[in-house]
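Engineer: Quick one, what's the 3D model for this:
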Amino acid sequence: MGYRVMKSVDNMREKYQSRKGLEGPFNFDGRVLYYDPKEGSYYDPTTDFYVDRTEMDLIQLKSNV
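Structural biologist: Here you go, the predicted model:
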């Protein structure tokens, strides 16, 4: 039995580059976020705001389903 590695296109990595001081980008069910270890929260580059903890809980719950 064999396997083949399929060519994948990671558009998220092309559009969202790494940012100094932030970890990521991370894809949460289509929503791209960066983690800021200094702030201890996730940053949304599309809104230029940090994601509230309760909203992040909902995002993680939705992406784990």
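Engineer: What strands line up against the host helix or strand of Tyr34, and which way round?
Structural biologist: Secondary structure assignment for Tyr34, by DSSP states H and E: strand 31-36. In the sheet, strand 31-36 lines up against strand 23-28 (antiparallel), strand 41-44 (antiparallel) (DSSP bridges).
Engineer: Extract the CA atoms of the shortest one and return them as CSV.
Structural biologist: Once side chains and other backbone atoms are set aside, the C-alpha atoms of strand 41-44 remain, and they are given as CSV (Å, rounded to 0.1, in the frame of the first residue of the first chain):
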residue,chain,number,x,y,z
SER,A,41,-5.1,37.3,23.8
TYR,A,42,-5.7,36.9,20.1
TYR,A,43,-5.5,39.7,17.6
ASP,A,44,-7.7,40.0,14.5
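Engineer: Tell me the buried residues in that strand?
Structural biologist: Tyr42, Tyr43, Asp44 (16 or more other C-beta atoms under 10 Å). For the C-beta atoms, the positions are set from N, CA and C on the backbone; glycine is no exception.
Engineer: Next: stretch 35-48.
Structural biologist: Buried residues in stretch 35-48 (16+ other C-beta under 10 Å): Asp36, Tyr42, Tyr43, Asp44, Pro45.
Engineer: Name the residues that touch stretch 47-54?
Structural biologist: Leu33, Asp36, Glu39, Ser41, Tyr42, Tyr43, Asp44, Ile59 (C-beta atoms under 8 Å, 6 or more residues apart in numbering).
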